[in-house]
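Engineer: Below are the sequence and a predicted model; questions follow.
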Amino acid sequence: MDAIETNRLVLRNFRTNDAADLLAYLYAPRSSCFLSMKLDDLPAAEAEATLRSRSDEHIAVCLKSTGRLIGDLFAVPEDDTVSVGWNFNEAFAGVGFASEAARALFDHLFTARNARRLYAYVEDHNIASQRLCERLGMRQEGLFKDFVSFTTDRNGDPIYENTLQYAILRREWQR
């Protein structure tokens with residue numbers, strides 16, 4: 001994909017040299033939905049960064065001033081609908097980077113890729129992502145009870161989580 005620039009960020013394809021910064025936030029993922037992406041060491045992070053570099057679905061979010069990777073977005077097309085999401089390094093939280101990056105991605109998806117609808121899944125306990133969805137103008141469409149399991153209890157039984165679905169249509173975004 002062509003890089004997208006905002007005031008403070010550059011959204012671009014991943015590069016192998018993003019590995020150390022990717023490891024910084026995937027060594028201990030904050031959100032349970034990213035537990036399956038947990039990275040244990042730099043070689044694993046290098047392999048993951050290389051894998052992501054081959055796909056436009058994974059988008060590196062970097063500081064414009066330094067080029068440092070601070071998080072990532074994903075955009076998985078399903079015809080004219082796109083599943084979107086984000087994962088950011090906690091060290092860069094609270095200053096609007098996720099909002100800035102997601103807004104730029106949404107603009108790109110609705111204009112350059114002609115998406116009709118974007119949607120995101122958010123665990124019911126992930127308040128920060130719920131607020132981000134709302135800041136982006138997304139509406140909550142539903143609550144899926146015991147929707148998915150990312151972990152197990154001491155007996156190996158799945159622990160199911162409730163998941164919210166948020167969405168926005170192109171005509172809603174254009175308003």
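Structural biologist: All right, it came through fine.

Engineer: tell me the centre residue of this structure?
Structural biologist: Nearest to the mean C-alpha position of the chain, counting by Cα atoms, centre = their mean, stands residue 86 at 1.5 Å.

Engineer: what about residue 11, which helix or strand?
Structural biologist: strand 9-12 (DSSP states H and E).

Engineer: Who are the packing partners of that strand?
Structural biologist: Other helices and strands packing on strand 9-12, by 3 or more Cβ pairs under 8 Å, 6 or more residues apart in numbering; DSSP states H and E, are strand 4-5, strand 58-63, helix 97-111. Quick note: C-beta positions are derived from backbone N, CA and C, even for glycine.

Engineer: where does the residue nearest to the centre of the chain land in three-state SS?
Structural biologist: Remark: residue 86 carries the secondary structure label strand [criterion: DSSP: H, G, I helix; E, B strand; the rest coil].

Engineer: That one touches residue 126, doesn't it?
Structural biologist: No. Contact between residue 86 and residue 126 fails when scored by Cβ atoms under 8 Å: they sit 10.8 Å apart.

Engineer: in this protein, which spans are helices?
Structural biologist: With helices called from DSSP state H, the chain shows them at 19-26, 42-53, 97-111, 127-135, 170-174.

Engineer: give the contact list for the nearest residue to residue 147 once chain neighbours are set aside.
Structural biologist: Using Cβ to Cβ, 6 or more residues apart in numbering and skipping the chain neighbours, the partner closest in space to residue 147 is residue 163 (4.1 Å). For residue 163, the set of contacting residues under the criterion of Cβ atoms under 8 Å, 6 or more residues apart in numbering consists of 121-124, 143-144, 147-148.

Engineer: now residue 163, which residues is it bridged with?
Structural biologist: When bridges are taken as DSSP bridges, the partners of residue 163 come out as residue 123, residue 144.

Engineer: Report the separation between residue 99 and residue 173.
Structural biologist: Computed as Cβ to Cβ, to the nearest Å, the residue 99 to residue 173 distance reads 14 Å.

Engineer: Could you measure from the residue nearest to residue 147 over to residue 14?
Structural biologist: Counting by Cβ to Cβ, the gap between residue 163 and residue 14 amounts to 26 Å.

Engineer: winner for burial among the helices and strands packed on strand 9-12?
Structural biologist: A comparison of the helices and strands packed on strand 9-12 by mean neighbour count, using mean count of other Cβ atoms under 10 Å, puts strand 58-63 on top with a mean of 23.
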